[in-house]
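*Asks:* got a predicted structure plus its sequence, pasted below:
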Amino acid sequence: MNIKSMAFASALAVASAVVATAAVAADISGAGASFPYPIYAKWADAYKKDTGNGLNYQSIGSGGGIKQITARTVTFGASDVPLNAKELADGGNLMQWPMVMGGIVPVINVEGVASGDLTLDGDTLAKIFLGEVKTWDDAAIKKLNPNAKLPSAAILVVHRSDGSGTTFNFTNYLGKVSKTWAEKVGSKTAVEWPTGLGAKGNEGVANNVQQTKGSIGYVETAYAKQNKLTTTKMVNHDGKVVEANAAGVQAAAANADWAKSDGFFLIITDQPGAAAWPISASTFILMPKEVKDAAAASEALKFFAWAYKNGDKMADELDYVAMPAGVKDLVMSKWADIKGADGKAVPAK
């Protein structure tokens, strides 16, 4: 492990310790998506200092979060994959809502190429992950980057090995821009990858790409930013070359109509808009509508309400995008449907 990777792992360990230690003060437990882990850890630290209450959040992937909330082993689950009405019902009458938005960005380790030097489009990215574009000097990449000095080195694909909402949104995008991808691979939290090396979590992908020359992977933008990974630009839905940042995610979310979504089921990949980042995603909280531990559920809702009110600046610092005020109000109005064993609404204040 190199110095950057050690620093990144150390930072995650410190954040984990902060979150886990805080759980002693208040019995709030959550598990799931690694995509929002950096902002949840940052919010948890600030919330602990502000209120004295804490949060224990396990970054185990969206699939794990869905399983744990379905089994009721945590107070809330977290997933980057929105569940449809049937899935919410099958999970034991669950409620979901979007907490924050962010971007997913290709990250590379190519000799002589710095962040933003290389541009990819959706079709070429799909061909790379299909194993059809095999070297960095392939004609498809050279056409998009005529002035770049690209080596003839082989491309090593790094992908998630665990059930992952990041993978769901990444493959959802590839399926929208590549018919071949849609037919051969599809879009799920875990897919049969045509090529490449698997790694667990955004952390695992980030570390593998950082350590392996010629590699390409995909991670949440905060991981790329925190670990100083080399990122690519992308050609978006409107044919414009854009960078992965908060403004691009905000532009992608501009067309999102949460009020008309069915149970907040909405996917924001490959959105139109000149500035839109094409691989944008929302991350969701999952809680039962009928809870056994009303006190723990109440503490969780208080934390989410606090994050909605106080967390926007912290989200922006990590290149996440806060939910619009109107969406926050709509979400909080739905919390009245979460009830304890006595049939009364769980307090969120």
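*Replies:* Received the coordinates, thanks.
*Asks:* how about the helices in this protein?
*Replies:* 3-22, 37-51, 62-70, 85-90, 122-130, 139-144, 165-177, 179-184, 201-211, 221-226, 246-253, 294-310, 312-317, 325-334 (DSSP state H).
*Asks:* closest to residue 29 out of those?
*Replies:* helix 294-310 (7.4 Å; CB to CB). Every C-beta, even on glycine, is put in place using the N, C-alpha and C of the backbone.
*Asks:* pull the CA atoms of stretch 132-140 into PDB?
*Replies:* Provided in PDB are the C-alpha atoms of stretch 132-140 (Å, rounded to 0.1, in the frame of the first residue of the first chain):
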ATOM      1  CA  GLU A 132     -13.600  -4.600 -26.200                       C
ATOM      2  CA  VAL A 133     -11.300  -1.500 -25.900                       C
ATOM      3  CA  LYS A 134      -8.200  -3.200 -24.500                       C
ATOM      4  CA  THR A 135      -5.400  -0.600 -24.700                       C
ATOM      5  CA  TRP A 136      -5.000   3.100 -23.800                       C
ATOM      6  CA  ASP A 137      -4.000   4.000 -27.300                       C
ATOM      7  CA  ASP A 138      -7.100   2.400 -28.900                       C
ATOM      8  CA  ALA A 139      -8.500   4.400 -31.800                       C
ATOM      9  CA  ALA A 140     -11.800   5.100 -29.900                       C
END
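*Asks:* list the residues that contact the closest residue to residue 162 other than its chain neighbours.
*Replies:* In this structure, residue 162 finds its nearest non-sequential neighbour in residue 61, 4.5 Å apart by CB to CB, 6 or more residues apart in numbering. Contacts for residue 61 were tallied using CB atoms under 8 Å, 6 or more residues apart in numbering; they are 32-34, 160, 162-165, 189, 200-201.
*Asks:* just the ones of those residues in strands?
*Replies:* 32, 160 (DSSP state E).
*Asks:* of the contacts of residue 61, which is the nearest to residue 76?
*Replies:* Nearest to residue 76 among the contacts of residue 61, with distances taken as CB to CB, is residue 32, at 8.2 Å.
*Asks:* now for the residue lying closest to that closest one once chain neighbours are set aside, how many residues are close by?
*Replies:* For residue 32, ignoring the flanking residues on the chain, the nearest one in space by CB to CB, 6+ apart is residue 65 at 2.0 Å. By the measure other CB atoms under 10 Å, the count of residues near residue 65 is 30.
*Asks:* contacting residues for residue 65?
*Replies:* 30-33, 74, 77-79, 286.
*Asks:* now do the longest strand seen in the chain against helix 325-334, angle only.
*Replies:* The longest strand of the chain (DSSP E) is strand 94-109. With axes from the mean of the first three to the mean of the last three CA atoms, to 10 degrees defining the directions, strand 94-109 sits at 140 degrees from helix 325-334.
*Asks:* buried stuff in strand 94-109?
*Replies:* 94-109 (16 or more other CB atoms under 10 Å).
*Asks:* repeat that for stretch 76-88.
*Replies:* Here stretch 76-88 shows 76-83, 87-88 as buried, counting by 16+ other CB under 10 Å.
*Asks:* measure that stretch end to end?
*Replies:* 13 Å (CA to CA, to the nearest Å).
*Asks:* next one: stretch 180-190
*Replies:* 18 Å.
*Asks:* buried residues in that stretch?
*Replies:* Under 16+ other CB under 10 Å, the buried positions of stretch 180-190 are 181-182, 185, 187, 189-190.
*Asks:* same deal with stretch 327-343?
*Replies:* Result for stretch 327-343 [16+ other CB under 10 Å]: buried residues 327-328, 330-332, 335, 338-340.
*Asks:* try stretch 309-322
*Replies:* Result for stretch 309-322 [16+ other CB under 10 Å]: buried residues 311-312, 314-315, 318-322.
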